[in-house]
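# compute the structure for the input listed below.
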Amino acid sequence: MRIVTVSAMDADLLESCTTTTGECFYNSYMNVIYGKGDRYVLGYRCEETVIDHAIIRKGDKYYDPTLQSEGEFSEYQFAVLTEFTVFDMMKHAKSNKDFPPDVDYVLSKADKFKNVIDVDKIKRK
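Numbering: from 1, shown residues only. Alright, predicted model coming up:
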């Protein structure tokens, strides 16, 4: 896993994003489909309580339109589990009953994400 900093988007870009309250997976999915981001990024918000979350990457910057649209926004650290191109994201959503990939989905398909998950460690549990 690698840690990245999630920054604030420009107001104009944020205004054009999908920002349904509390729906980070859906919002990030839709924002990548409509070209507001290049990658759908799945991982964990690094806070007092670690929270599985989805954000977007545009170029070399990471953004969280869901949290930023809720008001006061401060940069925060995010642990990246994996990133999806629009094609891969849509392919996995199709096999996930049309829901965007989330952490539970990735763990359930661990054999397909060997570059992300230590499958042998999971099997030993």
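
# which non-adjacent residue is nearest the residue nearest the centre of the chain?
In the chain, the C-alpha nearest the mean C-alpha coordinate belongs to Ala54, at 2.4 Å (C-alpha atoms, centre = their mean). Excluding the flanking residues, the one nearest Ala54 by C-beta to C-beta, 6 or more residues apart in numbering is Ser28, at 4.0 Å. Any C-beta I mention is one placed from the backbone N, CA and C, and that applies to glycine too.

# run a quick neighbour tally on that neighbour.
31 (other C-beta atoms under 10 Å).

# wait, what's in contact with it?
Gly37, Tyr40, Val41, Ala54, Ile55, Ile56, Pro65, Thr66, Pro100 (C-beta atoms under 8 Å, 6 or more residues apart in numbering).

# same check, this time on Tyr34
Contacts for Tyr34 (C-beta under 8 Å, 6+ apart) come out as Thr18.

# point out where the chain drops to low pLDDT.
Residues of the chain meeting the criterion pLDDT under 70: 98, 109-125.

# what are the ranges of the helices in it?
Using DSSP state H, the helices of the chain run over residues 11-15, 24-33, 65-68, 86-94, 103-108, 119-124.

# helices or strands up against the fourth one?
To tie it back to what came earlier, the one meant is helix 86-94. Contacts defined by 3 or more C-beta pairs under 8 Å, 6 or more residues apart in numbering; DSSP states H and E place helix 86-94 against helix 24-33.

# do you know how far Tyr62 is from Gly37?
Distance, Tyr62 to Gly37, using C-beta to C-beta, to the nearest Å: 9 Å.

# where do the contact lists of these two overlap?
Going by C-beta under 8 Å, 6+ apart, residues that sit against Tyr62 and also against Gly37 are Ile56.

# which one of those two has more residues nearby?
Of the pair Tyr62 and Gly37, Gly37 is the one with more neighbours under other C-beta under 10 Å, namely 26 against 22.

# just flag the most distant two among the contacts of Ser28.
Pro65 and Pro100 (14.0 Å; C-beta to C-beta).

# tell me what the closest residue to Tyr76 other than its chain neighbours is bridged to.
Spatial nearest neighbour of Tyr76, chain neighbours left out: Val6 (5.4 Å); criterion: C-beta to C-beta, 6+ apart. Using DSSP bridges, the beta-bridge partners of Val6 come out as Tyr62, Tyr76.
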